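Participant: My questions concern the predicted model and sequence given below.
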Amino acid sequence: MDNQINRIIEEAGIPENGIIIIEKTKYNQKVLSDEWWTKEITTEKDYENWKKTVKEQQHFFNGEKLTSKNESKLDSKTNCELKYNFAYYKNPDKVYGDYVISGDSVSSDAATRLFAYTIPKNHLPF
């Protein structure tokens, strides 16, 4: 399952050494006859961009103000609010990729301004 997801990550032009895994591929229970696996990542480029943007606007994407108390959040790559969420569905055999900003899915149009890589259009959920 990881292979199908990794192929799309590769198609998006994300270099293997630039991937930061937030949540490794995991199986999601069968719902009716659907089985799927998900994987959540960010990238080195997106992490750097996120850090820079948060510092410039003085707040996180979730609206939280940047203070001396929470500034250390910027040091951890897994805190990056710019994420790519991939899901592999067994039936039909398909991988979807989603842009996620601070927990919310965003359209590919909104994503192009912020994200370093582009998920192939035929793998977007909408």
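Facilitator: It's in.
Participant: quick check: longest helix of this protein.
Facilitator: Using DSSP state H to define each element, the chain has its longest helix at helix 44-57.
Participant: and residue 114, how many neighbours does it have?
Facilitator: By other C-beta atoms under 10 Å, the residues close to residue 114 number 16. Just so you know, the C-beta spots here come from the backbone N, C-alpha and C atoms, and that holds for glycine as well.
Participant: my bad, residue 50
Facilitator: 25.
Participant: Kindly report the same for residue 126.
Facilitator: Residues within reach of residue 126, counting by other C-beta under 10 Å, total 7.
Participant: The residue nearest to it when sequence neighbours are not counted: neighbouring residues, count only.
Facilitator: In space, and not counting its chain neighbours, residue 126 is closest to residue 107: 7.5 Å by C-beta to C-beta, 6 or more residues apart in numbering. Residue 107 has 10 neighbours, counted by other C-beta under 10 Å.
Participant: What's the separation between residue 107 and residue 20?
Facilitator: 23 Å (C-beta to C-beta, to the nearest Å).
Participant: ok, back up a step: name the next helix or strand following the longest helix of the chain along the chain.
Facilitator: The C-terminal neighbour of helix 44-57 among helices and strands, as given by DSSP states H and E, is strand 82-89.
Participant: quick one, that next one and helix 44-57 angle?
Facilitator: Taking axes from the mean of the first three to the mean of the last three C-alpha atoms, to 10 degrees, one finds strand 82-89 and helix 44-57 inclined to each other by 140 degrees.
Participant: quick revisit: output the longest helix of the chain as CSV, restricted to C-alpha atoms.
Facilitator: Only the C-alpha atoms of helix 44-57 are listed here, as CSV (Å, rounded to 0.1, in the frame of the first residue of the first chain):
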residue,chain,number,x,y,z
GLU,A,44,11.8,20.1,4.0
LYS,A,45,10.8,22.9,1.6
ASP,A,46,7.3,23.2,3.1
TYR,A,47,8.7,23.2,6.6
GLU,A,48,11.2,26.0,5.9
ASN,A,49,8.5,28.0,4.1
TRP,A,50,6.0,27.4,7.0
LYS,A,51,8.7,28.6,9.6
LYS,A,52,9.4,31.7,7.6
THR,A,53,5.8,32.6,7.0
VAL,A,54,4.8,32.1,10.7
LYS,A,55,7.7,34.4,11.7
GLU,A,56,6.7,37.0,9.1
GLN,A,57,3.0,37.1,10.0
